[in-house]
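In: let me see the structure of the following:
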Amino acid sequence: MTIDTTLPDDNDLELPERDRRALVEWTVACAERLLPLYLAARPDDTRPRDALDAALSFLSGELSIDEVRESAFACHAAAREVEDPAASAAARVCGQAAAVAHMAGHSRQVPRHTAKAFPDDRSRRDEELAWQRMNIPTRYDRYVYEGD
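Out: Residues are numbered from 1 along each chain as shown. Next comes the predicted model:
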């Protein structure tokens, strides 16, 4: 068995499904850590959680890409509707995580929105961004962090 050692093409926003699946796993892990910021502001709004569940259902083959996209759209609507900047950024991370099932380029937005989730806590922001960087599969580090 040969292992593919080529890195993803930075200019390819879609990437093959196997790459999108790996990125979905990472982005969902990132989003799970931020979801409490949204729930603190809107505990009864399930759209961000639903988006993450949809992404996981995509990974298990239970949902199509189109179904996951609908959850991502709903999650981004939740982000627009909440006034708290941290909650909005957390919802954006959840929406981007789900959107990766359709287009890998959405993974590049996770660090950007994560940084916005901690407007008054530089230490916590840096800690979260460091966690993301340490946990991204090595194959995708350049794609996410230097790709665009």
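In: in this protein, which residue is closest to the centre?
Out: Closest residue to the average C-alpha location of the chain: A97 at 2.6 Å, with Cα atoms, centre = their mean.
In: list the residues that contact that residue.
Out: Residues in contact with A97 (Cβ atoms under 8 Å, 6 or more residues apart in numbering) are 24, 27-28, 30-31, 51-52, 55, 106, 110. Bear in mind the C-beta positions are built from the backbone N, C-alpha and C, glycine included.
In: quick one, what contacts the nearest residue in space to it that is not next to it in sequence?
Out: In this structure, A97 finds its nearest non-sequential neighbour in T27, 3.7 Å apart by Cβ to Cβ, 6 or more residues apart in numbering. By Cβ under 8 Å, 6+ apart, the contact set of T27 is 55, 93, 96-97, 100, 106-107, 110.
In: got TSV for these, with distance to R80 and pLDDT too?
Out: Below are the contacts of T27 laid out as TSV (distance: Cβ to Cβ, whole Å; pLDDT from 0 to 100):
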residue	distance to R80	pLDDT
A55	20	98
V93	14	98
Q96	14	98
A97	17	98
V100	20	98
H106	17	97
S107	21	98
V110	18	98
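In: buried subset of those, written for PyMOL?
Out: Restricted to buried positions by 16 or more other Cβ atoms under 10 Å, the PyMOL selection for the contacts of T27 reads:
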select buried, resi 55+93+96+97+100+106+107+110
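In: show only the entries of the contacts of T27 found in helices.
Out: 55, 93, 96-97, 110 (DSSP state H).
In: in the lengthiest helix in the chain, what counts as buried?
Out: Longest helix in the chain, counting residues (DSSP H): helix 17-41. For helix 17-41, burial by neighbour count (16+ other Cβ under 10 Å) applies to 19-28, 30-31, 33-35, 37-39, 41.
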